[in-house]
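Q: Attaching a predicted model along with its sequence, questions to come.
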Amino acid sequence: MAKYIFITGGVVSSLGKGVAAASCGALLQSRGYSVHARKFDPYLNIDPGTMSPFQHGEVYVTNDGFETDLDLGYYERFLGIKLTRNDSISGGRIYWDVLNAERHGDYLGATVQMIPHVSNKIKEYISAPTDTDFVVCEIGGTVGDIEGKIFLESIRQFANDVGRKNVMFIHLTLAPYLEKSGELKTKPTQMSVRTLLENGIQADMLIVRTPRMLSSEERAKIGMFCNLPAKNVISGLDVDNIYKIPLAYDAQHVFDIIAAHFDLPNASGNTDKFHKIERYLSADLPEVTIGIVGKYFDVPDAYKSLNEALFHAGVHNNVHVKLKKINAELFSPEEAKGVDGILVPGGFGARGVEGKIAAAKYARENNIPYMGICLGMQVAVIEFARNVLGIEDADSTEFSKNCTPVISIMAEHDSANMGGTLRLGAYSCNISPDTLAEKVYGQTQISERHRHRYEMDISLEEKFAEKGLIISGRSPDGKLPEIIELKNHPFFMAAQFHPEFQSSPYTGHPFFNAFISAAAKRVG
Ligand code: GLN
């Protein structure tokens with residue numbers, strides 16, 4: 001059976017439990033252990049797919065087409081693992097399962113209760129088998145939240161069921177610094193650990209978010225009040241880049257603390273990949289400016305995976321990538337002056353589309369490297385149809401009903417699979433030989449994740465090809481264009497899928513790496 005590490009948080013929300021959990025997992029991996037990750041969110045939505053990106057940032061998509069919150073992205077990126085719908089579980093989903101089972105008569109007339117029925121359901125999801133040595137489970141929310149109580153109860157029971165030695169509880173808290181008295185205050189941490197204890201959970205390790213390192217006196221004090229060895233109290237310092245966190249934990253012997261808890265042999269780890277990023281961050285490197293023509297810039301984290309992927313590609317290419325946010329609604333060639341590449345990301349709805357079309361035109365006509373993602377491919381197709389093929393009213397049926405549709409919902413594909421809903425998750429794509437796409441990916445068979453409703457009309461392929469826009473990637477049945485590119489352009493490639501969901505900090509992603517490399521050539 002896998003060993004379990006549960007990560008909870010207290011005092012305030014947004015302490016970065018996801019990154020902390022991922023970093024602990026990364027240290028285990030660095031010592032050769034395999035790690036899986038899961039996230040439990042106590043809220044009552046059945047899944048995060050319907051939650052407003054204005055509240056939650058980007059919607060992350062797993063291979064199996066589940067729309068999750070962006071924490072799953074941290075896990076996949078840090079740990080290089082693939083997660084599924086069973087790794088992102090909300091309170092709503094648990095209750096939904098239990099109530100459906102009740103209606104179905106599965107409880108055979110028993111009184112259905114929080115304990116054991118809801119807690120058993122939670123434990124079922126926790127203990128779903130993995131083939132890894134460890135499972136890191138993050139419990140969303142803040143200790144003390146009403147809806148989180150049943151989750152704490154369930155992990156308490158779980159530890160009792162499988163044996164306390166097989167489970168470790170790591171708790172994140174905050175030690176605020178009081179400017180006036182010049183002190184770090186430990187009381188909120190004490191209170192938070194006490195709340196956890198009221199639920200029957202003794203924290204085995206604390207990660208205390210603080211603006212400066214805890215002194216040994218402060219660690220001893222926290223340890224005494226919170227009932228754990230001072231050496232298990234870690235400083236969670238603010239850092240300017242999340243990939244520094246595994247190294248910061250390693251320096252504080254986090255692996256050794258985990259190893260001592262689980263009776264693992266001592267081991268020194270291989271943390272080269274994090275050192276590489278650390279060295280990159282402080283290196284004096286050429287700067288490449290990418291103009292992102294989008295419209296969700298006011299929403300923190302709306303382009304989380306995209307920003308990550310661009311950062312990763314910077315690491316890969318040894319250049320610093322500077323992002324210039326260009327509001328699509330205000331796009332003009334003036335705005336794009338000085339950028340080394342133009343990226344049009346995914347998006348929904350007509351607002352800002354004309355600006356994105358203008359951005360694609362600008363990139364095409366001025367030989368500026370262009371990368372289009374999902375909507376960014378669709379606008380490139382519309383632009384080409386209008387301005388090169390001369391179909392003045394070319395558009396997507398998403399934006400105009402009275403147009404010559406070059407992008408539309410594919411009736412055949414739709415009725416077969418999706419009932420007008422989104423095409424979600426990983427799909428294979430066949431790449432045509434001797435294309436830019438083949439050069440970029442280095443292979444002709446790839447799989448990438450989707451989240452969209454509309455598709456380019458493939459019956460127009462020849463018309464486009466005659467003028468130099470070719471379809472270089474398509475679905476295995478040959479019916480859905482997945483990648484387009486321009487001949488006679490230094491780098492103009494766009495895809496119907498979202499490559500950013502599969503980018504890795506350690507290797508980047510072929511599409512982003514190639515785009516940044518093309519943009520870097522302009523810097524010289
Ligand atoms: N709105 C477009 C569609 O639904 C593009 C979606 C996207 O960019 N993710 O097809």
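A: Sure, I can see it.
Q: which residues of the stretch 301-450 of the chain fall in strands?
A: Ranges of strands within the stretch 301-450 of the chain are 320-327, 341-344, 370-373, 394-396, 404-408, 423-431, 445-452, based on DSSP state E, counting those that start in this stretch.
Q: Select, out of the ones you listed, the one closest to the ligand.
A: Closest of these to the ligand is strand 445-452, at 3.2 Å (criterion: CB to the nearest ligand atom). All C-beta atoms are positioned from the backbone trio N, CA, C, and that covers glycine.
Q: So what touches that closest one?
A: Residues outside strand 445-452 that contact it (CB atoms under 8 Å, 6 or more residues apart in numbering) are 59, 61-63, 67, 346, 374-375, 422-431, 473, 482, 495-499, 501-502.
Q: Can you tell me which of these are also in contact with the ligand?
A: Subset of the contacts of strand 445-452 in contact with the ligand: 346, 374, 375, counting by CB under 6 Å from any ligand atom.
Q: List the residues that contact the residue nearest to the last one when sequence neighbours are not counted.
A: By the measure of CB to CB, 6 or more residues apart in numbering, the closest residue to residue 375 outside its immediate chain neighbours is residue 347, 4.4 Å from it. Applying CB under 8 Å, 6+ apart to residue 347 gives the contacts 294, 295, 296, 328, 353, 356, 374, 375.
Q: most surrounded residue in the residues you listed?
A: Highest neighbour count within the contacts of residue 347, by other CB atoms under 10 Å: residue 356, with 28 neighbours.
Q: Kindly provide the distance from it to residue 378.
A: Relative to residue 378, residue 356 is positioned 9 Å away (CB to CB, to the nearest Å).
Q: intersection of neighbour lists for the two?
A: Residues touching both residue 356 and residue 378 (CB under 8 Å, 6+ apart): none.
Q: before we move on, the earlier item: with mean neighbour count and mean pLDDT as extra columns, can I get the strands of the stretch 301-450 of the chain in TSV?
A: Shown next, in TSV, are these (neighbours: other CB atoms under 10 Å; pLDDT from 0 to 100):
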stretch	mean neighbour count	mean pLDDT
strand 320-327	18	96
strand 341-344	29	98
strand 370-373	28	98
strand 394-396	24	96
strand 404-408	21	95
strand 423-431	19	96
strand 445-452	20	97
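Q: Contact residues of the stretch 301-450 of the chain facing the ligand?
A: 346, 347, 348, 374, 375, 398.
Q: how about the fourth one, phi and psi?
A: Read that as residue 374. Main-chain torsions, residue 374, degrees, to the nearest 10: phi 60, psi -100.
Q: Now it: closest residue in space that isn't a chain neighbour?
A: Excluding the flanking residues, the one nearest residue 374 by CB to CB, 6+ apart is residue 346, at 3.8 Å.
Q: Give the burial count for the one you found, as a bare number.
A: 24.
Q: Help me confirm that it comes into contact with residue 376.
A: Yes: with contact defined as CB atoms under 8 Å, residue 346 reaches residue 376; the gap is 6.9 Å.
Q: Would you mind writing the CA trace of stretch 242-255 as CSV?
A: In CSV, the C-alpha atoms belonging to stretch 242-255 read as follows (Å, rounded to 0.1, in the frame of the first residue of the first chain):
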residue,chain,number,x,y,z
ILE,A,242,8.0,28.6,-7.1
TYR,A,243,10.6,26.3,-8.5
LYS,A,244,12.9,27.5,-5.7
ILE,A,245,10.7,26.0,-3.1
PRO,A,246,11.9,22.3,-3.3
LEU,A,247,15.4,23.6,-2.8
ALA,A,248,14.4,25.7,0.1
TYR,A,249,12.7,22.7,1.7
ASP,A,250,15.6,20.5,1.0
ALA,A,251,18.0,22.9,2.7
GLN,A,252,15.7,22.6,5.8
HIS,A,253,15.9,18.8,5.7
VAL,A,254,12.2,18.2,4.8
PHE,A,255,13.1,14.9,3.2
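Q: Buried residues, that stretch. List them.
A: Using 16 or more other CB atoms under 10 Å as the test for burial, stretch 242-255 gives 242, 243, 244, 245, 246, 247, 248, 249, 250, 252, 254, 255.
Q: now stretch 262-272
A: Those would be 262, 264, 269, 271, for stretch 262-272 by 16+ other CB under 10 Å.
Q: List the contacts of it.
A: Contact partners of stretch 262-272, identified using CB under 8 Å, 6+ apart, comprise 3, 27, 30-33, 165-166, 168, 246-247, 250, 255-256, 258-259.
Q: Give me the mean pLDDT for that stretch.
A: Averaged across stretch 262-272, the pLDDT comes to 92.
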